[in-house]
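Engineer: Predicted model and sequence below, questions to follow.
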Amino acid sequence: MPEKDILATKNPSTPKPQPGHVQAPGTFNTPKIAKHHLHLWRITFGVLIVFALIIIGLGLHVMGVGSKVFHGNNNSSTLSQIGKLIIPGDRELRNDGKHRTNILLVGYGGEGHDGAYLADTIIFASLDQASNEVAMLSIPRDFLVELPGYGFRKINNALAFGMTGENPEGGNQMLIKAVEEITGQTVHYYAKADFDGFKKAVDDLGGIDVTVDTAFNDFQYPTYNYGYQTIKFESGQQHFNGEKALQFVRSRHGTNGEGSDFARSKRQQKILFAFREKALNAGTLTNPGKINSLLSTLGNHVSSNFELWEVSRLAAILKSLSPEKIVTRVLESVPDGLVKAATGLDGAYVLQPRIGLGNYQEIQALAANIFQLNQIAREAAPIQIQNATASKYLGNTAAHTLRGFNIDVISSAELKTIRYENSMIVDLSGGLAPQTISMLQKKYNATVVNELPADVTLLHATEANSNYNTNDNSNQNTNTATEIQPKILLLLGQSAVTIVNSEAKPNTKILPQTSST
């Protein structure tokens, strides 16, 4: 059939070529598209264009209000952040190469408050993406750390000291470096909020629900005109608005043991849990509209080096996190605690590591092993230590060290006549404390057995073995050998003497002049 006849035919279908037929050059056997199909395609295309414009517009708006809050480390472009938010791909949060991400959380007064840029809350938080666990370690504001150019000062000064007109982010970096020195860990992200931002965030969620463990009054809570007021908290479940939540975390003179910085740190962690629960239950962290509203409110009060896609990824992880996967620790100067109170040359109250000023060895061990320590706490295997060396009180010293990490040492004893060259662990738990056994084995280079040696006896309530001359039942949790049967016996041999003493040997640096702020 000639080409002009093919183009002019009324039949919409293309005729089948006849045998021997050769198609003319430049012609195509393409069927015509029905008009209603073409119309439907145009509508679909138009809807997609509108949808894309809405997404881009929303993204630009979110980026506009969010850039003050989530500005990233590399000042990523707006379009780049939108692209990562919409299509995050397989990118991971920054981590240590073993899926552990560390975040520094900071609270400070802000404009209009006394000591506007003194850090009031410092929490080192770690997320283990492999096990889906979170650990939070509160660092007290009075803890001494060496700040470049200032000597040893309270860590709460770092934010203010580092800020300059030429480098407003310098305070963040000085505080980050201080926390990295103390913990021995890299800080991958930071987020800081002033008091007004904290209040507004809580109010934007409609308030939060908190269980107050101990009722207390504070008769010296500061007012906004630099006076004092009385605030009260009843025990039990409470609903807090922003102002009440701020009072709960800031109170420094509460009765019934709630006046210490350590009690404050625990309350601050409790508020963070409550905020997380409310944000997830309200769908805030997974709803772009609610996130946009929250960002609009917080733009001038919150800052971090997260990008929006990283916040979205973090929110997804936190949403699936179960409460038992969260561990909290506070550096506090309780008996056997890792820090101790001291007085500066100017009379200021300060805190320093119990093993010596500037010696962060124990705190770094806590930070590095905080997830394993959480597993050890869940195993709840009471430990008895027996010193089978001639080094007097080695058992007590080892017990003091272990209790600093909240490891449940219920008693320690000195053996009069029995001597061991190498340390031994007797597992009496029936294999139910593998993490505790592993930690002790590694720390003391000990062998593990499942039965008591013939020459060793456990301490019991109704008997006093004549082979013992010292029994330390000073555990602050009142778990004594007379009340609880040990599940693990640690026999310290001669090879452990250097290990135990090197961990406990104090640093002899002289306490320097400190700031009273």
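Structural biologist: Happy to help now that I have it.
Engineer: What is the three-state secondary structure of the residue positioned nearest the centre of the chain?
Structural biologist: For the chain, A125 is the residue whose C-alpha lies nearest the centre (CA atoms, centre = their mean; 1.6 Å). The local conformation at A125, judged by DSSP: H, G, I helix; E, B strand; the rest coil, is strand.
Engineer: Who are the contact partners of it?
Structural biologist: Each residue near A125 by CB atoms under 8 Å, 6 or more residues apart in numbering is listed here: N102, I103, L104, L105, V134, A135, M136, L137. Every residue, glycine included, has its C-beta placed from N, CA and C.
Engineer: List the buried residues for stretch 379-392?
Structural biologist: E379, A381, P382, I383, Q384, I385, Q386, N387, A388, T389, S391 (16 or more other CB atoms under 10 Å).
Engineer: Quick one: the contacts of A125 as CSV, columns for distance to A116, pLDDT and neighbour count too.
Structural biologist: Converted to CSV, these look like this (distance: CB to CB, whole Å; pLDDT from 0 to 100; neighbours: other CB atoms under 10 Å):
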residue, distance to A116, pLDDT, neighbour count
N102, 26, 97, 23
I103, 23, 96, 22
L104, 19, 96, 25
L105, 18, 94, 20
V134, 30, 92, 22
A135, 30, 93, 23
M136, 25, 93, 21
L137, 25, 95, 24
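Engineer: Specify which member of those residues is nearest to P453.
Structural biologist: A135 (36.8 Å; CB to CB).
Engineer: quick one, strands of the stretch 201-350 of the chain?
Structural biologist: Assigned by DSSP state E, counting those that start in this stretch, the stretch 201-350 of the chain shows strands spanning 208-212, 216-222, 228-233, 236-240, 302-304, 326-330, 339-343, 349-353.
Engineer: To E258, which of the ones you listed lies closest?
Structural biologist: strand 216-222 (4.1 Å).
Engineer: Counting neighbours, which bits of that closest one end up buried?
Structural biologist: For strand 216-222, the neighbour count (16+ other CB under 10 Å) marks F216, D218, Y221, P222 as buried.
Engineer: Tell me which other helices or strands it touches.
Structural biologist: Packed against strand 216-222 by the contact rule (3 or more CB pairs under 8 Å, 6 or more residues apart in numbering; DSSP states H and E) you find strand 228-233, helix 242-250.
Engineer: Quick check: which of these is buried the most?
Structural biologist: Among these, ranked by average contacts under mean count of other CB atoms under 10 Å, first place goes to helix 242-250 (a mean of 20).
Engineer: show me where the stretch 401-517 of the chain has strands.
Structural biologist: Taking DSSP E, counting those that start in this stretch, the strands of the stretch 401-517 of the chain run over residues 409-415, 424-427, 447-449, 468-472, 488-492.
Engineer: Using CSV, lay out these together with mean neighbour count, distance to T401 and mean pLDDT.
Structural biologist: Shown next, in CSV, are these (neighbours: other CB atoms under 10 Å; distance: least, CB to CB, whole Å; pLDDT from 0 to 100):
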stretch, mean neighbour count, distance to T401, mean pLDDT
strand 409-415, 25, 9, 92
strand 424-427, 22, 16, 98
strand 447-449, 13, 20, 97
strand 468-472, 16, 13, 45
strand 488-492, 25, 12, 97
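Engineer: Redo these as a markdown table? Include distance to Q372.
Structural biologist: Formatted as a markdown table, these follow (distance: least, CB to CB, whole Å):
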| stretch | distance to Q372 |
| --- | --- |
| strand 409-415 | 17 |
| strand 424-427 | 16 |
| strand 447-449 | 17 |
| strand 468-472 | 25 |
| strand 488-492 | 15 |
